[in-house]
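Engineer: Task: produce atomic coordinates for the following.
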Amino acid sequence: MPGRAPRIHALAVSVALALGGCSEPAGSRSEPTPSEPSPEPAPAGCRDYSTLDVSQLPPLEGGPHAALLDQVWRTVLDKHFDPTLGCTDWPKLREIHARKVAEAHSDAEAYAQINAMLDELGQSHTRLFAPSAAEDTVGPASPELVVRWVGDELVVVSSHADGPQGPVLPGAALLAINDVPVGPLVAEVRERYGQRALPRMIARAVAARLSCEREGQVKKLKVTNPDKDQRNAVRVVPCVTPPGERITLGNLRDVPTRVEHRMLGDGVGLLRFNVWMLPMVKQMEAALAEMRAQGMRALVLDLRGNPGGVGAMAVPVARMLLDHDGSLGTMRFRDFEQELHVEPGDDPFVGPVVVLVDESTASTSEIFVVGMRDLGRITVIGGQPSAGAALPSVIEQLPGGALLQTVVADYRSPNGTVVEGQGITPDVRVEESREAFVGGRDPVLEAAREHLAGALAALPTPPAADTDGDATAPEPPTAEGSTGAGPG
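Structural biologist: Sure, this is the predicted structure:
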């Protein structure tokens, strides 16, 4: 269906968008700093394709998708930060996959072959999305539940989904969606992406299959019932549209944005947001101010399931938690470098901070987390390492309506840590099991509260007020000392 835009948003595509048409809010005072990079010679035996004469390339085999493959191939050639394209034989891959695309019997097969060519680069954030609804896109509505890969099975970790047959309970194992078993899907994802990427990619694939075109549609789910000794049960549950302001940024359209906060007790506040979009900064500032007025002395920042968004947003968020200059790392483009420099905020929160991650914490979330950890400002807690998908990229619409996401920069943390393909291993790793989620428990959040209780207990006790009602204000803890972690 030419001209129809894909159903695609930040749950399906995480994108650290560096400089690409986005800027920080006025008055943020902290901007990414571009500089000329130090030239890096191509590795021995690897060809630098930046001088390739494309006019000398052989013509591709015919077929309705040959021009699309060629356009994707040339776009990556022009925009990828690495002129050696990962030391691949990029011209040869063009010919190989063009032959396979010419043999495709459907649009889906052709797009799969073009993505197979992109997969040869072995990097995240490089993908072609068809202009019509595809299996790995996500609709605007879905049942009110979250499914993750836990203990070698798909587990409902939280749920408010209810239907005529009863609710889907936390701790249930998901067995089928609309009478289609999930077992073959798990096997397909494992074969395509490998065991390490399985938790993240299967969660994304399941989210796509749970999604609906509109609110009010239903999904028929086969699950185990924790209340009935894990016996199988069928639940028909409605799809709902998630609340929150919808933001459009370029080809990311109508992204639902949510900023949630609440006090957990004992001076600990919780802040959670679902994607990195610059208009959300003011909401986060207001949420922190409200919790500080309520006596917040420690913060849990929950980035579980947050797939990324606008990379520039990491800077103003970091300013809310830093009382000194710092860097979140460096993005290296083909022709320049960009440092994510952060100046201290006007009134930053300096108490202990824990950040929660899981296998779907990706892109801008990972850049923020590893940068703040290198600065010694946070402690990372989670049940799984983060996604390891941190390369900055841009998304553009091609003629005919397809979207192409292309990597444009490499990223290194302040300490030189490589996140891409590795992920961020939590400082405190929590064992998760299906049984732990029965009854609505959150073992990772429980571990965070326990950690912060210890951190708060180690802080100096504020002096008591004197008889005139005055008190000497204590020195605020330093950013490093407040987390129990040394400087990066």
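
Engineer: Which residue ranges of the stretch 351-488 of the chain form helices?
Structural biologist: Along the stretch 351-488 of the chain, counting by DSSP state H, counting those that start in this stretch, helices occupy 364-374, 434-437, 443-457, 479-483.

Engineer: among those, which is nearest residue 62?
Structural biologist: helix 364-374 (41.1 Å; CB to CB). Placement of C-beta: from N, CA and C, glycine included.

Engineer: Now do the closest one: which elements does it pack against?
Structural biologist: helix 314-319, strand 326-332, strand 353-357, strand 379-382 (3 or more CB pairs under 8 Å, 6 or more residues apart in numbering; DSSP states H and E).

Engineer: Which of those sits closest to residue 406?
Structural biologist: strand 326-332 (14.4 Å).

Engineer: Downstream of that closest one, the next helix or strand is which one?
Structural biologist: strand 337-342 (DSSP states H and E).

Engineer: How is the chain divided into domains?
Structural biologist: 145-238, 245-391+406-460+475-483 (automatic domain parsing).

Engineer: that older thread, if you compare the helices of the stretch 351-488 of the chain, which one is most tucked away?
Structural biologist: Mean neighbours per residue, mean count of other CB atoms under 10 Å, is largest over those for helix 364-374, with a mean of 28.

Engineer: average pLDDT for that helix?
Structural biologist: Averaging pLDDT along helix 364-374 gives 97.

Engineer: One more: stretch 154-165?
Structural biologist: Mean predicted lDDT for stretch 154-165 stands at 96.

Engineer: thinking again about what came up before, residue 129: which of the helices of the stretch 351-488 of the chain is closest?
Structural biologist: Of all the helices of the stretch 351-488 of the chain, helix 364-374 sits nearest to residue 129, with 19.4 Å by CB to CB.

Engineer: ok, back up a step: could you say which of the domains of the chain is packed most deeply?
Structural biologist: Comparing those by mean neighbour count (mean count of other CB under 10 Å), domain 245-391+406-460+475-483 comes out on top with a mean of 20.

Engineer: Look up how far residue 338 lies from residue 396.
Structural biologist: Distance, residue 396 to residue 338, by CB to CB, to the nearest Å: 19 Å.

Engineer: same deal with residue 83?
Structural biologist: Applying CB to CB, the value for residue 83 to residue 338 is 18 Å.

Engineer: now do residue 401
Structural biologist: In terms of CB to CB, residue 401 sits 31 Å off from residue 338.

Engineer: For residue 225, which non-adjacent residue is spatially closest?
Structural biologist: Ranked by CB to CB, 6 or more residues apart in numbering and with sequence neighbours excluded, the top spatial neighbour of residue 225 is residue 233, at 4.2 Å.

Engineer: hang on, that neighbour packs against residue 223?
Structural biologist: Yes - shown here, residue 233 and residue 223 form a contact pair, counting by CB atoms under 8 Å, at 5.9 Å.

Engineer: Out of the helices of the stretch 351-488 of the chain, which is closest to residue 382?
Structural biologist: Minimum separation from residue 382 across those (CB to CB) falls at helix 443-457, 5.9 Å.

Engineer: Report all helices and strands that the closest one contacts.
Structural biologist: strand 268-273, strand 298-302, strand 353-357, strand 379-382.

Engineer: now the ones you listed in JSON lines, with mean pLDDT?
Structural biologist: Shown next, in JSON lines, are the helices and strands packed on helix 443-457 (pLDDT from 0 to 100):
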{"stretch": "strand 268-273", "mean pLDDT": "98"}
{"stretch": "strand 298-302", "mean pLDDT": "98"}
{"stretch": "strand 353-357", "mean pLDDT": "98"}
{"stretch": "strand 379-382", "mean pLDDT": "98"}
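
Engineer: between those, which gets nearest to residue 426?
Structural biologist: If we rank the helices and strands packed on helix 443-457 by CB to CB, the stretch that ends up nearest is strand 379-382, at 4.1 Å.

Engineer: list the contacts for residue 295?
Structural biologist: Residue 295 is in contact with 263, 267, counting by CB atoms under 8 Å, 6 or more residues apart in numbering.

Engineer: hang on, it in a helix?
Structural biologist: No - applying DSSP: H, G, I helix; E, B strand; the rest coil, one finds residue 295 to be coil, outside a helix.

Engineer: need the domains of the chain in a markdown table with distance to residue 70, can you?
Structural biologist: A markdown table is the format used below for the domains of the chain (distance: least, CB to CB, whole Å):
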| stretch | distance to residue 70 |
| --- | --- |
| domain 145-238 | 24 |
| domain 245-391+406-460+475-483 | 15 |
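
Engineer: Which of the ones you listed sits closest to residue 124?
Structural biologist: That would be domain 245-391+406-460+475-483 among the domains of the chain, by CB to CB, at 3.5 Å.

Engineer: how far away is residue 144 from residue 317?
Structural biologist: For residue 144 relative to residue 317 (CB to CB), the value is 27 Å.

Engineer: Chain neighbours aside, what residue packs nearest to residue 396?
Structural biologist: residue 404 (5.7 Å).

Engineer: Tell me who's in contact with the one you found.
Structural biologist: 72, 75, 127, 128, 129, 395, 396, 397, 398.

Engineer: Just the buried ones out of these, please.
Structural biologist: Neighbour-count burial within the contacts of residue 404 applies to 72, 127, 128, 129, 395, 398; the criterion is 16 or more other CB atoms under 10 Å.

Engineer: any chance of those residues in CSV, with pLDDT too?
Structural biologist: Converted to CSV, the buried ones among the contacts of residue 404 look like this (pLDDT from 0 to 100):
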residue, pLDDT
72, 96
127, 91
128, 92
129, 88
395, 88
398, 89
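
Engineer: Name the spans of the stretch 251-400 of the chain whose pLDDT lies under the cut-off.
Structural biologist: 251 (pLDDT under 70).

Engineer: And for the stretch 101-250 of the chain?
Structural biologist: Ranges of the stretch 101-250 of the chain meeting pLDDT under 70: 132-138.

Engineer: where exactly do the strands run in it?
Structural biologist: 127-129, 145-150, 153-159, 162-163, 166-167, 174-177, 180-181, 218-225, 231-238, 245-249 (DSSP state E, counting those that start in this stretch).
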